[in-house]
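Engineer: how would this look folded up:
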Amino acid sequence: MHSYPLYYEQPYQKTHTATIVDIIDGNLILDATICYPEGGGQSGDIGTISGVQLLNTTKDDDHTIHHHVKQQVFHIGQQVNIELDWQHRFHFMQMHTAQHVASGLLFTRFGIQTVSVHQGERILTIETDAASVDQEICFELEDLVNAVIRGNHPVHYEVHTRTSAQSLGLRRSIKVEGDGVRLVVVEDVDTVACGGLHVANTSEIELFHYSGQEKIRGHIRLIFTVGQMARQQIRKAQDAVTELGVLFSAPLEDLVEVAKASVAQAAQTKSELRRAQQAIASLQLSSLVAHAPLVASIPVVYWNVPQDIDMKDVAQAFPEHEDLLLFAAKMVDGRLLWLVGVQGKASTLFDFNTRKSTFLSAIEGKGGGKAPLFQGSAKADSAVFFSTCKDLMQ
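Structural biologist: Reported below is the predicted structural model:
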């Protein structure tokens with residue numbers, strides 16, 4: 001049994017008393033409903049049914065409207081009271097109407113067709129058939145839509161036969177089969193076949209704001225906010241700009257250039273710091289090599305690397321030495337990072353590849369590499385690592 005769709009006749013009705021005619025998989029089927037089912041890019045209604053949370057409203061392939069309640073405490077034949085979450089419903093009515101206006105203007109003014117739309121909790125997206133859309137067009141579209149909002153254009157519905165609807169030269173093909181085609185008319189702006197809910201006048205949209213764009217499937221997807229969400233986003237952006245102005249001690253007209261200069265300076269400072277860190281690692285390793293014991297005239301260094309030196313810098317400093325056997329270890333987040341360097345004649349003292357299996361097993365580690373440098377991590381501590389290295393030396 002199908003619920004009678006009161007939402008088309010009374011889109012502004014917020015409450016209704018209905019009778020449960022069936023319960024399918026815990027979802028309520030009512031004799032009539034004011035709850036719009038999810039579809040056409042528009043979210044399904046939410047609210048309460050006799051005090052129980054209504055999580056969503058959907059329609060199945062048989063066009064039966066399902067009311068998804070949080071708790072199934074109902075029975076067939078029971079009368080229930082529906083209360084819509086009106087803020088949620090009205091937000092989607094605003095967005096859906098704004099989308100019609102925007103898509104209509106994109107088509108008539110710029111020759112850009114709408115491929116698909118999505119109405120989210122905060123944003124409206126319109127995927128276009130264009131490979132690129134200039135920023136100037138997006139801002140012009142924003143101005144045009146807001147002019148339509150200020151123009152107080154009535155929005156109404158018409159039901160046509162398929163033939164009469166097609167004769168109107170609609171910007172989008174009709175997706176439903178048969179007659180009884182429902183057209184949404186934004187007077188003097190757009191006419192299109194649609195089964196969604198809309199505000200009665202464009203003034204109720206309140207505000208339309210272009211937020212950006214992204215590339216998807218080779219097309220440009222435009223991103224907008226509408227009504228209260230648009231006001232919130234604009235104010236949030238204004239707050240961010242004000243804070244950045246204070247942070248950079250710059251007026252609005254200079255803020256971007258000052259921020260760019262600060263980012264460039266930070267990048268330069270970061271690069272200089274990296275070079276300094278590399279130089280420190282190189283100097284410390286050179287000092288260790290100078291004081292290291294010799295085995296067959298080859299310095300053997302056991303280096304417990306301090307926290308302020310990166311193992312990457314140790315690896316970069318290692319090739320500076322012609323003949324060197326280096327065992328380096330550093331604890332990071334409770335795990336040992338290890339490095340074994342076998343440079344030049346040091347290969348006569350330690351053949352990593354032949355000892356790899358025994359070495360990794362002893363330190364409960366993993367890793368490898370290519371001569372002269374081998375690296376990895378281990379569960380063992382540095383004492384076990386250094387002891388294992390000494391034991392495996394030839």
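Engineer: Mind giving me the packing neighbours of the helix or strand hosting residue 390?
Structural biologist: Using DSSP states H and E, residue 390 maps to helix 382-392. Contacts defined by 3 or more Cβ pairs under 8 Å, 6 or more residues apart in numbering; DSSP states H and E place helix 382-392 against strand 298-304, strand 324-332, strand 335-343, helix 352-363. (Glycine included, C-beta is placed from N, CA and C.)
Engineer: Export those to a markdown table and append columns for mean pLDDT and mean neighbour count.
Structural biologist: Converted to a markdown table, the helices and strands packed on helix 382-392 look like this (pLDDT from 0 to 100; neighbours: other Cβ atoms under 10 Å):
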| stretch | mean pLDDT | mean neighbour count |
| --- | --- | --- |
| strand 298-304 | 97 | 19 |
| strand 324-332 | 97 | 22 |
| strand 335-343 | 96 | 22 |
| helix 352-363 | 95 | 16 |
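Engineer: which stretch among these comes nearest residue 219?
Structural biologist: In terms of Cβ to Cβ, the element of those nearest to residue 219 is strand 324-332, at 45.0 Å.
Engineer: and the closest one, what other elements does it pack with?
Structural biologist: The elements that strand 324-332 packs onto, with contact taken as 3+ Cβ pairs under 8 Å, 6+ apart, are strand 298-304, helix 311-317, strand 335-343, helix 382-392.
Engineer: which non-adjacent residue is nearest residue 96?
Structural biologist: Using Cβ to Cβ, 6 or more residues apart in numbering and skipping residues adjacent in sequence, the residue nearest residue 96 is residue 196, 4.8 Å away.
Engineer: Could you do residue 311 as well?
Structural biologist: The shortest distance from residue 311 to any non-neighbouring residue, by Cβ to Cβ, 6+ apart, is to residue 337 (5.2 Å).
Engineer: Tell me which stretches of the stretch 101-250 of the chain form strands.
Structural biologist: 114-119, 124-128, 155-160, 181-186, 190-193, 208-216, 219-226 (DSSP state E, counting those that start in this stretch).
Engineer: Any idea which of those gets closest to residue 246?
Structural biologist: strand 208-216 (24.2 Å).
Engineer: Quick one, grab the pLDDT at residue 137.
Structural biologist: For residue 137, the pLDDT comes out at 97.
Engineer: nearest residue to it other than its sequence neighbours?
Structural biologist: Nearest one to residue 137, counting by Cβ to Cβ, 6+ apart, is residue 110 at 5.8 Å.
Engineer: cool, residue 65 as well?
Structural biologist: residue 3 (4.3 Å).
Engineer: Then residue 25?
Structural biologist: Nearest residue to residue 25 in three dimensions, chain neighbours excluded: residue 66, at 8.0 Å (Cβ to Cβ, 6+ apart).
Engineer: got the contact list for the one you found?
Structural biologist: Residue 66 is in contact with 24-25, 27-29, 37, 57-60, counting by Cβ atoms under 8 Å, 6 or more residues apart in numbering.
Engineer: rewinding a little: so which of the helices and strands packed on strand 324-332 is nearest residue 256?
Structural biologist: Of the helices and strands packed on strand 324-332, nearest to residue 256 by Cβ to Cβ is helix 311-317, at 34.1 Å.
Engineer: Within the sheet, what are the partner strands of the host helix or strand of residue 57, with directions?
Structural biologist: Counting by DSSP H and E, the element that carries residue 57 is strand 52-59. Strand 52-59 has its sheet partners listed here by DSSP bridges as strand 47-49 (antiparallel), strand 65-69 (antiparallel).
Engineer: which other residues reach that strand?
Structural biologist: Contacts to strand 52-59, defined as Cβ under 8 Å, 6+ apart, come from residues 33, 35-39, 44-48, 65-71, 73-74, 82.
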